[in-house]
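Novice: Just the structure for this:
(one chain, ligands or ions: 1)
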Amino acid sequence: MKAKAKAEIDLLADPLFPELKARVIKKTGLAYYHDKENDLARILAARLESLGYADCAAYAAHLDGKEGGGEMDELISELTIGETYFFRHPEVFTALRKHIIPEILQRNAARKSLSVWSAGCSSGAEAHSVSILLSREFSSAMAGWKTSIIGTDIDKKFLAQAKSGLYQDWAIRTTSEGERAAYFERTPKGWQLRPKFREAVSFACHNLIEDALPNPDLGLADLDIIFCRNVAIYFSREQIRRLMDRFYDSLREGGWLVTGPAEIGADRPSGFNPVDLDGLIVFQKGERPARAPDTFWAPVYDLSDEPLLLPAWPSPVEEPQAGMDTEAQEQEDDASLLERLSERGQWLAAQAPARRILAQTDAGLELTLKAVQVLVEIGDFAQAEQVLKRLLFIDRKCQMAYYHLGILLSCQGDEKMARKAFRNAYDLAAQRPVGEAVPGAEGLTAGKLAAMAKLRALHGAGE
Ligand SMILES: C[S@@+](CC[C@H](N)C(=O)[O-])C[C@H]1O[C@@H](n2cnc3c(N)ncnc32)[C@H](O)[C@@H]1O
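Specialist: This next block holds a predicted model:
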């Protein structure tokens with residue numbers, strides 16, 4: 001039977017959708033999709049459509065068939081979120097340079113070997129950044145050392161890019177011009193990492209949920225450093241617990257585990273000692289406790305509305321005025337005050353209610369974006385950017401956050417990046433039905449937003 005057009009396939013109503021959803025989450029660990037059924041259904045519907053299937057049963061049978069492995073890879077590529085860039089969170093690389101590598105140089109002096117694993121490496125920027133850092137800072141101290149840097153991921157398309165070492169501007173946005181010239185060659189296809197950095201890194205497909213660990217065949221055993229950043233945030237609490245135990249087994253005594261800030265909750269992974277390196281908390285392998293504690297670290301994206309330890313919301317410039325009865329009233333008052341002052345273009349006066357609104361975590365998207373507009377108008381670009389990044393962390397498909405980011409970048413004179421942000425807003429809006437209301441944008445439809453964003457992506461924000 002020929003499939004209906006994508007938009008018409010209503011997978012949420014398909015009786016086998018829950019089974020397919022559970023299968024996908026079990027395979028990938030992407031528990032994040034537990035409460036993102038619409039996103040998952042849309043991605044699956046597109047896969048069904050491309051194969052000509054009309055329901056989950058036919059698609060599940062295809063996954064079980066001889067071409068199932070290839071199709072699972074295609075599906076995984078659609079499901080994964082691969083945002084990465086070179087020297088992401090510079091404080092991590094400072095800690096590596098100042099503390100972690102020097103400590104390993106001492107500890108492994110007799111063995112003269114260093115092994116680093118970037119787990120969930122996406123298109124390889126993290127592993128390649130380590131390679132650059134070792135070459136730049138430690139080549140003489142490590143002369144004669146055997147060094148291995150391995151990046152692994154579940155997504156084969158990301159791995160293909162990682163192996164090619166070819167990147168676009170976005171992936172190297174935080175590197176200076178001098179660094180770009182030193183590390184990359186400009187080619188018609190993009191920025192190609194120079195061979196001496198590329199050749200020190202190898203990449204392999206490895207599923208952190210399903211595949212063996214430690215894994216000497218892939219070089220994932222007796223490791224000195226494991227990076228697992230912005231990966232486990234999509235996993236369930238139980239999966240994180242198991243993964244951390246397997247990381248423990250894959251590290252040498254005294255080895256280091258470097259996680260992303262959003263991956264760490266109140267508790268620490270069992271057997272690891274937290275170490276504060278100039279404000280960055282990393283974990284060093286210690287003695288395994290006799291019994292793993294019951295409590296473990298959160299947060300798990302799908303279990304909490306608020307991911308922990310994200311950049312804080314901007315703090316209000318002034319305390320809420322006395323005389324406000326309840327928080328709800330306070331928010332209501334601030335909301336109408338913000339509205340009124342913004343309409344009149346009284347941006348400075350609108351600053352205080354805007355900041356109070358941003359200090360709340362439940363202000364709602366529309367109000368938050370109005371407050372962001374105020375920050376942009378008064379030139380507080382740094383806080384505006386922080387808020388927009390937070391919105392995009394919570395919902396990477398937030399069309400209006402990208403649109404506002406475009407305006408912000410444009411105000412800062414970064415037209416190139418602004419156009420990329422508008423392009424993202426356009427791509428997201430164009431995927432939606434034209435008449436659909438855009439979340440966070442009163443009365444604006446996806447069709448209208450797509451048109452506005454396209455115009456700005458083509459001609460800049462000045463239009
Ligand atoms: C947001 S990227 C993080 C990239 C890099 N670590 C960084 O922080 O810049 C998350 C990566 O985790 C990978 N990933 C998700 N589930 C995985 C799994 N079960 N096994 C291995 N990698 C996985 C995704 O494919 C994606 O490339």
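Novice: how near is residue 339 to residue 357?
Specialist: 11 Å (CB to CB, to the nearest Å). In this view, the C-beta of every residue, glycine as well, is placed from N, C-alpha and C.
Novice: neighbour-wise, which of the two wins?
Specialist: residue 357 (24 against 14; other CB atoms under 10 Å).
Novice: what sits against whichever residue of the stretch 301-450 of the chain sits closest to the ligand?
Specialist: Residue of the stretch 301-450 of the chain nearest the ligand, by CB to the nearest ligand atom: residue 396 (9.4 Å). If you count contacts by CB atoms under 8 Å, 6 or more residues apart in numbering, residue 396 has them with 81, 83.
Novice: circling back to that earlier point, so what sits against both of residue 339 and residue 357?
Specialist: Counting by CB under 8 Å, 6+ apart, the residues touching both residue 339 and residue 357 are residue 370.
Novice: counting contacts, what elements does the helix or strand containing residue 75 pack onto?
Specialist: Using DSSP states H and E, the element containing residue 75 is helix 68-79. For helix 68-79, the elements it packs on are helix 17-28, helix 37-51, helix 56-64, helix 156-164, judged by 3 or more CB pairs under 8 Å, 6 or more residues apart in numbering; DSSP states H and E.
Novice: So for residue 243, which of those helices sits nearest?
Specialist: Taking CB to CB, helix 17-28 is the member of the helices and strands packed on helix 68-79 nearest to residue 243, at 12.9 Å.
Novice: hang on, the earlier thing: contacts (any at all) between the ligand and the helix holding residue 75?
Specialist: No. Residues of helix 68-79 contacting the ligand under CB under 6 Å from any ligand atom: none, with a closest distance of 7.2 Å.
Novice: Mind checking the pLDDT average for that helix?
Specialist: Taken as a whole, helix 68-79 has an average pLDDT of 96.
Novice: Could you do stretch 239-252 as well?
Specialist: Averaging pLDDT residue by residue across stretch 239-252 gives 93.
Novice: residues making contact with it?
Specialist: Residues contacting stretch 239-252 (CB under 8 Å, 6+ apart): 29, 31, 117, 119, 208-209, 213-215, 220-224, 226, 228, 232, 235, 257, 263, 269-272, 285, 288, 292, 296-297, 300.
Novice: Checking residue 109 next. Helix, strand or coil?
Specialist: Three-state assignment for residue 109 (DSSP: H, G, I helix; E, B strand; the rest coil): coil.
Novice: Could I get the helices and strands packed on helix 68-79 in JSON lines, plus columns for mean pLDDT, distance to residue 383 and mean neighbour count?
Specialist: Output for the helices and strands packed on helix 68-79, formatted as JSON lines (pLDDT from 0 to 100; distance: least, CB to CB, whole Å; neighbours: other CB atoms under 10 Å):
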{"stretch": "helix 17-28", "mean pLDDT": "95", "distance to residue 383": "35", "mean neighbour count": "17"}
{"stretch": "helix 37-51", "mean pLDDT": "94", "distance to residue 383": "29", "mean neighbour count": "18"}
{"stretch": "helix 56-64", "mean pLDDT": "97", "distance to residue 383": "45", "mean neighbour count": "16"}
{"stretch": "helix 156-164", "mean pLDDT": "97", "distance to residue 383": "32", "mean neighbour count": "19"}
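Novice: can these go into JSON lines with extra columns for distance to the ligand?
Specialist: Below are the helices and strands packed on helix 68-79 laid out as JSON lines (distance: least, CB to the nearest ligand atom, whole Å):
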{"stretch": "helix 17-28", "distance to the ligand": "5"}
{"stretch": "helix 37-51", "distance to the ligand": "14"}
{"stretch": "helix 56-64", "distance to the ligand": "17"}
{"stretch": "helix 156-164", "distance to the ligand": "5"}
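Novice: Would you reformat those as JSON lines and include distance to residue 405?
Specialist: Shown next, in JSON lines, are these (distance: least, CB to CB, whole Å):
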{"stretch": "helix 17-28", "distance to residue 405": "28"}
{"stretch": "helix 37-51", "distance to residue 405": "20"}
{"stretch": "helix 56-64", "distance to residue 405": "35"}
{"stretch": "helix 156-164", "distance to residue 405": "23"}
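Novice: Which of the ones you listed sits closest to residue 375?
Specialist: Proximity to residue 375, assessed across these by CB to CB, is greatest for helix 37-51 (28.9 Å).
Novice: my guess is residue 113 meets residue 142, correct?
Specialist: No. Using CB atoms under 8 Å as the test, residue 113 is too far from residue 142 to be in contact (9.8 Å).
Novice: More neighbours: which of these two?
Specialist: It is residue 142, of residue 113 and residue 142, that has more neighbours when counted by other CB under 10 Å, with 19 against 15.
Novice: Check which helix or strand the more buried one maps to.
Specialist: Applying DSSP H and E, one finds residue 142 in no helix or strand.
Novice: hang on, isn't it packed against residue 114?
Specialist: Yes. Here residue 142 reaches residue 114: they are 7.1 Å apart, a contact under CB under 8 Å.
Novice: Give me the common contacts of these two.
Specialist: residue 134.
Novice: Just the buried positions in stretch 209-218, please.
Specialist: 209, 213-215, 218 (16 or more other CB atoms under 10 Å).
Novice: Of these, which are in range of the ligand?
Specialist: residue 209.
Novice: Output the buried residues of stretch 209-218 in CSV; the columns should cover secondary structure and distance to residue 175.
Specialist: Below are the buried residues of stretch 209-218 laid out as CSV (DSSP: H, G, I helix; E, B strand; the rest coil; distance: CB to CB, whole Å):
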residue, secondary structure, distance to residue 175
209, coil, 32
213, coil, 32
214, coil, 33
215, strand, 32
218, helix, 29
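Novice: Tell me the one of the buried residues of stretch 209-218 nearest the ligand?
Specialist: Nearest to the ligand among the buried residues of stretch 209-218 is residue 209, at 4.4 Å by CB to the nearest ligand atom.
Novice: That closest one: what's it in contact with?
Specialist: Counted by CB under 8 Å, 6+ apart, residue 209 has contacts 26-29, 235, 239, 243.
Novice: Give me the distance between it and residue 17.
Specialist: 21 Å.
Novice: quick one: contacts for the closest residue to residue 126 other than its chain neighbours?
Specialist: Excluding the flanking residues, the one nearest residue 126 by CB to CB, 6 or more residues apart in numbering is residue 118, at 4.5 Å. Residue 118 makes contact with 124, 126-127, 130, 149-152, 227, according to CB under 8 Å, 6+ apart.
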